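J.: The sequence and its predicted three-dimensional model are supplied below.
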Amino acid sequence: MSQLIAVEKVDYPFPAKPKVLTVDQQQFYVQEIKSLLKQKNAKLIAHYYTDPEIQALAEATGGCISDSLEMARFGRDCDADTLIIAGVKFMGETAKILSPEKTVLMPTLEATCSLDIGCPEDKFAAFCDAHPDHTVVVYANTSAAVKARADWVVTSSIALEIVEHLDSLGEKIIWAPDRHLGAYIAKKTGADMLMWQGECIVHDEFSAKALLDMKHLYPDAAILVHPESPASVVALADAVGSTTQLIKAAQTLPNSHFIVATDRGIFYKMQQAAPGKILLEAPTAGNGATCKSCAHCPWMAMNGLQAIYQSLTDNSGHEIKVDEALRQRALVPLDRMLAFSAELKMKISSNI
Ligand code: SF4
């Protein structure tokens, strides 16, 4: 039932890797950031894909480490005046859309996402206009302007349930921008989905052939796969899900070894949740020495300690701003997702 649409091939501007710090420099920045967070009543909110020292700092300072849905919720509900979003730009924008009264800072505004880049607002709006009978569902990994054009925003932790719900109402869906996640959801739900052809440059590189070779070396390992990966990789999985769902799978499955097909930043929390278990990085298709093919997002890697310190000492060039009229429009589909998610949680807990 699902159909594909063609979009132009995108050349991604790969960022330079951040400077490697000495141990003394790391300690200096950690201490300074801790005291600045207190002084400014600020919270550090980090994505699972950021480097371990950033996640440890978020944890030690009462911040949050999570997927993009929980990051947004935590930022909205905490009582901080300032949020430091260690992740990529759409996460900072989402925090600002939900918390307009808070100052939202990012270590660097240049940290973006191939899905966001690959779905420009003007082309997406024209596509939606050409299919006015479709409900527009966009992944959180999009700009505020693309969200403003949508009926629903979803994250990978709730996409399946929301599409199932829309399908039960008989709605036809425009899905953007991740083609692999869209194909996975269309297969699971049978929904009528018209797909934008975006991709995550990290997950798109996981290779089914290399994964099978690795499985021969570790026959008892369970394979955990994020659904932004190609269908051939998803087909080999013992568990498929969002970052939070994969961490839970590592905790609950009985296997001692796991081959993990998502960004290796997840290992920090996964190892905490599943101590004693062996976590192995799933192989990518290309040359592992380049940013184009390794299991770590080059934009997430831009979130260094030095950049966090700079954002706290001088806001300029770090603050996320979203035009108020645009914010109001982008808030509608985001609030719809959060309300749906809260209702689902209540239903699940009342059934337990
Ligand atoms: S890992 Fe992929 S989806 Fe996540 S921010 Fe990087 S490019 Fe975007």
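T.: Noted; the coordinates are in hand. Just so it is clear, the model here is predicted, and its values are computed rather than measured.
J.: The residue in the stretch 201-350 of the chain that the ligand sits nearest to: neighbouring residues, count only.
T.: Proximity of the stretch 201-350 of the chain to the ligand (CB to the nearest ligand atom) peaks at residue 297, 3.2 Å away. Using the backbone N, CA and C atoms, a C-beta is placed for each residue, glycine as well. The local packing of residue 297 (other CB atoms under 10 Å) involves 26 other residues.
J.: tell me the contacts of it?
T.: Listed by CB atoms under 8 Å, 6 or more residues apart in numbering, the contact set of residue 297 reads 49, 88, 113, 201-202, 263, 265.
J.: Return the per-residue confidence for residue 9.
T.: pLDDT for residue 9: 58.
J.: rewinding a little: ChimeraX command for the buried members of the contacts of residue 297?
T.: This is the ChimeraX syntax for the buried subset of the contacts of residue 297, where burial follows 16 or more other CB atoms under 10 Å:
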select :49,88,113,201,202,263,265
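J.: residue ranges for the strands of this structure, please.
T.: 3-4, 42-47, 64-66, 82-86, 103-105, 134-139, 152-154, 172-176, 193-195, 222-225, 239-240, 257-261, 278-281 (DSSP state E).
J.: What segments of the stretch 251-352 of the chain are helices?
T.: 267-273, 305-313, 324-351 (DSSP state H, counting those that start in this stretch).
J.: Can you give me the buried ones in the second one?
T.: Taking 16+ other CB under 10 Å as the basis for neighbour counts, the residues of helix 305-313 that come out buried are 305-312.
J.: now do the first one
T.: For helix 267-273, a neighbour-count test (16+ other CB under 10 Å) marks 267-271, 273 as buried.
J.: what do you get for stretch 188-200?
T.: Of the residues in stretch 188-200, those buried (16+ other CB under 10 Å) are 189, 191-200.
J.: what's the span of it, first residue to last?
T.: 20 Å (CA to CA, to the nearest Å).
J.: and if you look at stretch 231-249?
T.: Stretch 231-249: ends 19 Å apart by CA to CA.
J.: what about it, near the ligand?
T.: No: using CB under 6 Å from any ligand atom, stretch 231-249 stays clear of the ligand, coming no nearer than 9.5 Å.
J.: Number the chain from 125, please
T.: With 125 as the first residue, the last one maps to stretch 355-373.
J.: re the thing from before, and the buried residues of stretch 312-324 near the ligand, which?
T.: Restricting the buried residues of stretch 312-324 to those touching the ligand (CB under 6 Å from any ligand atom) yields residue 324.
J.: okay, the buried residues of stretch 312-324 in a markdown table with distance to residue 144 and pLDDT next?
T.: Output for the buried residues of stretch 312-324, formatted as a markdown table (distance: CB to CB, whole Å; pLDDT from 0 to 100):
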| residue | distance to residue 144 | pLDDT |
| --- | --- | --- |
| 313 | 45 | 97 |
| 315 | 46 | 97 |
| 316 | 49 | 97 |
| 317 | 43 | 97 |
| 318 | 45 | 97 |
| 319 | 40 | 96 |
| 320 | 37 | 96 |
| 321 | 36 | 94 |
| 322 | 32 | 95 |
| 323 | 29 | 95 |
| 324 | 25 | 95 |
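J.: Filter the buried residues of stretch 312-324 down to the ones in helices?
T.: Using DSSP state H to define helices, the subset of these located there is residue 313.
J.: Please name the nearest non-neighbouring residue to residue 218.
T.: Using CB to CB, 6 or more residues apart in numbering and skipping the chain neighbours, the partner closest in space to residue 218 is residue 196 (4.9 Å).
J.: For the chain, what lies in contact range of the ligand?
T.: Contacts of the chain with the ligand, taken as CB under 6 Å from any ligand atom, map to 173, 212, 237-239, 265, 324-326, 387, 421, 423-424.
J.: Let me have those residues in a markdown table, extended by distance to residue 257.
T.: Below are the residues of the chain next to the ligand laid out as a markdown table (distance: CB to CB, whole Å):
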| residue | distance to residue 257 |
| --- | --- |
| 173 | 36 |
| 212 | 33 |
| 237 | 29 |
| 238 | 29 |
| 239 | 25 |
| 265 | 25 |
| 324 | 29 |
| 325 | 32 |
| 326 | 34 |
| 387 | 37 |
| 421 | 36 |
| 423 | 35 |
| 424 | 37 |
